[in-house]
Structure formats: C-alpha cells, structure tokens
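[1] Give me a model of this one.
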Amino acid sequence: MGMVLGLVLVDAADEWFSYLPASAAPQIRVDLGLSYAQLGSLLVLLPAGGMLGNATLVAADFVSRRVIAASGALVYAGCLAAFALGDSFAVLAVASLVWGAASDAFVHGAGLALADLAGDDLDAILAGKDLMGSLGTIASPLCVAIAASAGIGWRPLFGAAAVVMVLFGVWLAFQPLPAPASGGHTPWTAIRGTLRDRRVWRMTVVLLLWDTIEAPFLGLAAASLVATQGYSAGAAALLIGTWTLGATLGFAVTTVWPPHGEATMRRAATLRCAAMAAMAIAGTPAVVGAAAFVVGLSGARFWVPYQSAVLRLRPDQRGTTWAVIAGLSIPGLAIPPLLGALADQHGSQVGLFVFALMPALTLVVLLTPVVPRLPTWLSSRCSSDTSAGRSRRPTS
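    From the prediction side, this is the model:
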C-alpha cells in the first residue's frame, strides 16, 4: 500500500515542479536579463524534451521500470539544481530540454508500474493519481507567489524541489516495482503489432480530437471576453480559471464514483460540447464561469476512463501503446492554429463554436465501435497479442 501511495504522488511532484518555470517566468527573466524570445524558448524546451522522452514509454515494456523511474528522478533533480544555480540562458536551456525527457522517464516508469499493481482498482487509482497531479498544478504558482511575497525568491524553490526529487529517486531505486512482460516481442515487433491494432487507431483519433483543444479554447474564450464583451484581462482570467476547480473536483469525484468505461466518456463528451457551446453564446459572468467549470469537470471524467481503456488495450505493451498513440496524435497540434485562423477571419464566436464541435466529433468516434481495416502492408507481419489476462509479474 505504501508503494502504491508513493507512485500515486509521482504525478503530484511532477506537475508541481514542471510548472515552476512558467510560474516564476517574470522573476527568471528579470534576474537573468533574458529577452522574451529566450524566456519563450525556455518554456517550450521542456515539453520538447518530453517528446524525446516518449522513447522511455517503449523502453518501459522491456527495461526495468525501477531503473527508468529512479534514474529519471535523479536526472530531474539535476535539472532543477541547474535552474537553482545557473546564471545563463544556455545552462537553463540545456537543463530545460533534459528536464522534459527526465520527467517522462520518471512519470512513465512509475505510472506503468502503478498500472500493473492496480489490478481491478485501476480506474480509482488513476483518478487519485490525476487528482494529486491537479493539486500539484495549483500548488506551483501558489508557492512562487508565497516565496515572492516573503522575499525568498525563485531559486530556493528549485533547490528544494531538487532535494525532493533526489529523495524520490532513492526511494524508487529500492522499490520492487513490477517488471515488464514483453510477451516475447522486441521493441520493433511490439510497435508493428500495436500499429496493426485497429483499437489503437480509434483511441488515437479520440485523443487527437480531445486533448489538443482545451487550453487553446479557454485562451480564445478569455480573449473573446476581453475583445467583445469588455471584460478586463483579470476578470476574464478569473472566470476561465474556474475550469481548474472543475477538473480537481472531477478527479476527486472519480476516486469515489468510478467511471463506466466508454459510457462515461460519451457522457463527458456530450457535457463538454454543451458547456463549450454555452461559452460561445453567453457573455454573462455566471454562465461563462459555470461553463468553464463544466469544461474542467467533463475533462476529468473523460480522462480517467480514457487512460484506463488505453492501458487495458495491450496489457503487455502498455508503454508502447501509449507511445504509438502519442506519436500518431501529433497532427492534432495543427487543429488549434487552424481554428484560430478561422476566428481571425470570421470572429471569435465562430471559432469558439467550431472548437465546440471537437467533443461532438469525439462522441461520434466513441459511438463507432469499428474502424476500417488497415492497409495490408501494415498488417502483413507480427501477430497481434490482444489478450486481456496475463500471469503475475516478477519484480524488477
């Protein structure tokens, strides 16, 4: 039980610390004399490193999760220490890129082990993990604000975070985490087999339509409130910010009210579509704030059963499945800029309405149980292992 609790807290630590650079961005820029372009580069290099870190997802199906998670935590600690002590853009840029990759190793190694340990409690444990992550996201700017008001500054926060990550790394190194069960596959055959699985492609389309739109939609909604409704920037941010409360409540509710697979996902998609449409139509503070809250709530109720469904698709290749879905869904990153261009041409309200169609399209995909058969060149080799049951894992 103690090991499961520790693994659940991995997401809280990662979300807390990963948002420190963005939360402390104004102070970092002034103290180091950075340009806005340099500051923007620092903030984008962290998620860019995370894309490199996706390789650890595949590795976690073949290499000790304990080694991956513990080494990721220790490298993570080194990157935090570089931020705490570094005095140049170059040092922080390298640290930010490596940090993104280390974060993935830390989170993926621990997360896949947690999924193996969860058993029938997978949905509840995923909800608890995501709840901790949500609280960590909220804690990051609060800590920066408290430190600034107390005159402590931002560097001690990164130093303290580095110490916490060293402790995490040492703790993980001594945990008997479940070992991977590759089912006789190599990384290459596992990737090919995953690409042959039509269920994987279906879940990729779901992620592509769902995961890329939340932050851009909320940003466009805030900008629209300022430009067309006469709200101040602070008031708009406060109203739109209710989505974080909705997300936190959604994860909390899901820990005690388990989701029911795709039925819960379909209800969440319907709810989000209605909430996003309401935000496109209404300009009153009460409606906008309530709708933003529902956007966050529906996101939490959707995300837990989605993760559970993906983790159950190919139990011996969970990491590879996530890596393939993440890679195939990259084109979804083009959706927000395209819808932003539409808003430029036809007005923000039109853009918001089209954004609201994304959860509706997600619902259509979820109501479609079968996707077309893949090309024969992709499915000609490597038998697909889709059995649900597996023998008990040894420890790594």
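[2] Quick check, residue 343 in contact with residue 350.
    Yes. In this structure, residue 343 is within contact of residue 350 by Cβ atoms under 8 Å, at 6.5 Å. (Each C-beta comes from the backbone N, C-alpha and C, glycine too.)
[3] between these two, who's got more neighbours?
    Neighbours were counted for residue 343 and for residue 350 using other Cβ atoms under 10 Å; residue 343 has more, 20 against 14.
[4] Can you tell me, leaving aside adjacent residues, what's nearest to the more buried one?
    residue 351 (2.7 Å; Cβ to Cβ, 6 or more residues apart in numbering).
[5] which element is the one you found on?
    helix 348-366 (DSSP states H and E).
[6] I'd like the mean pLDDT over that helix, please.
    Looking at helix 348-366 alone, the average pLDDT works out to 91.
[7] and that helix, what does it pack onto?
    On a contact count with 3 or more Cβ pairs under 8 Å, 6 or more residues apart in numbering; DSSP states H and E, helix 348-366 meets helix 198-210, helix 214-229, helix 261-281, helix 335-346.
[8] switch the cut-off to 10 Å
    Applying 3 or more Cβ pairs under 10 Å, 6 or more residues apart in numbering; DSSP states H and E, one finds that helix 348-366 contacts helix 198-210, helix 214-229, helix 261-281, helix 285-313, helix 335-346.
[9] where does this structure have its least confident helix or strand?
    Lowest by mean pLDDT, DSSP states H and E among the helices and strands of the chain is helix 233-240, with a mean of 80.
[10] and stretch 117-129, how far from the chain's centre?
    17 Å (Cα atoms, centre = their mean, to the nearest Å).
[11] pull the CA atoms of that stretch into PDB?
    Presented in PDB, the C-alpha positions along stretch 117-129 are these (Å, rounded to 0.1, in the frame of the first residue of the first chain):
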ATOM      1  CA  LEU A 117      -0.100  -3.000  -9.400                       C
ATOM      2  CA  ALA A 118      -3.600  -1.500  -9.600                       C
ATOM      3  CA  GLY A 119      -5.400  -4.600 -10.800                       C
ATOM      4  CA  ASP A 120      -9.200  -4.100 -10.600                       C
ATOM      5  CA  ASP A 121      -8.800  -0.800  -8.900                       C
ATOM      6  CA  LEU A 122      -7.100   0.800 -11.900                       C
ATOM      7  CA  ASP A 123      -9.800   3.500 -12.500                       C
ATOM      8  CA  ALA A 124      -9.900   4.600  -8.900                       C
ATOM      9  CA  ILE A 125      -6.100   4.700  -8.600                       C
ATOM     10  CA  LEU A 126      -5.800   6.600 -11.900                       C
ATOM     11  CA  ALA A 127      -8.300   9.100 -10.600                       C
ATOM     12  CA  GLY A 128      -6.300   9.500  -7.400                       C
ATOM     13  CA  LYS A 129      -3.100  10.000  -9.300                       C
END
